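**Student:** Task: produce atomic coordinates for the following.
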Amino acid sequence: MNRTNDDAEAAKRVARKPYTAPRLISYGHVKDIVQGGGNRANDPGTGRATKPAPCWIAEALFGVDDARTMLLRSWLTGIYVERRRGWHLVAVYATYGSAAGWLLQRGWLPRRPFVRLFDALTRCAFDESAAAAKARRALARQSAAGAKAADAP
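**Tutor:** Predicted coordinates:
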């Protein structure tokens, strides 16, 4: 198939978008992205547990690999390790959560109250982790602005 002169001229007349330099988009510090959660509860080399604590009820409700299960696991571990408000409840959960999860999996406990509770906990965990990420971004912007101001003559 040969192109005619009209086709070649039409191809030359096509306006191209002007070049724009690539932009760097910051998603935060690599350490925060890789380790996640904003707490050091499951970080290797910190002297704390490197294996995530199990979240038996969330696993029974949502599944082992569900994002809600992982979010709750990280959030509850952070509450317990950092001794934040509610860490006593996490300690009780560590004692009895395994049995409750086992009973939920077998259908011997009603799912509805646990789903409501763990949905509310998931919302709290998400809101708290989003606020922590926002604070880290603001801190990174402040430190970048401070470094720029220090470099200025």
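
**Student:** Quick one: list the elements packing against the lengthiest helix in the chain.
**Tutor:** Longest helix of the chain, by residue count under DSSP state H: helix 111-151. Where contact means 3 or more Cβ pairs under 8 Å, 6 or more residues apart in numbering; DSSP states H and E, helix 111-151 is packed against helix 56-62, helix 67-82, helix 87-105. Where you see a C-beta, it was placed from the backbone N, CA and C, and this is true even at glycine.

**Student:** Contact partners for residue 71?
**Tutor:** 122, 125-126, 129 (Cβ atoms under 8 Å, 6 or more residues apart in numbering).

**Student:** try 10 Å
**Tutor:** 36-37, 55, 58, 62, 121-122, 125-126, 128-129 (Cβ atoms under 10 Å, 6 or more residues apart in numbering).

**Student:** could those residues be laid out in JSON lines, adding neighbour count and pLDDT?
**Tutor:** As requested, the contacts of residue 71 are exported to JSON lines (neighbours: other Cβ atoms under 10 Å; pLDDT from 0 to 100):
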{"residue": "36", "neighbour count": "15", "pLDDT": "57"}
{"residue": "37", "neighbour count": "21", "pLDDT": "51"}
{"residue": "55", "neighbour count": "26", "pLDDT": "88"}
{"residue": "58", "neighbour count": "24", "pLDDT": "93"}
{"residue": "62", "neighbour count": "20", "pLDDT": "92"}
{"residue": "121", "neighbour count": "19", "pLDDT": "93"}
{"residue": "122", "neighbour count": "19", "pLDDT": "93"}
{"residue": "125", "neighbour count": "21", "pLDDT": "91"}
{"residue": "126", "neighbour count": "15", "pLDDT": "90"}
{"residue": "128", "neighbour count": "17", "pLDDT": "90"}
{"residue": "129", "neighbour count": "18", "pLDDT": "87"}
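
**Student:** Nearest to residue 22 among those?
**Tutor:** residue 36 (26.8 Å; Cβ to Cβ).
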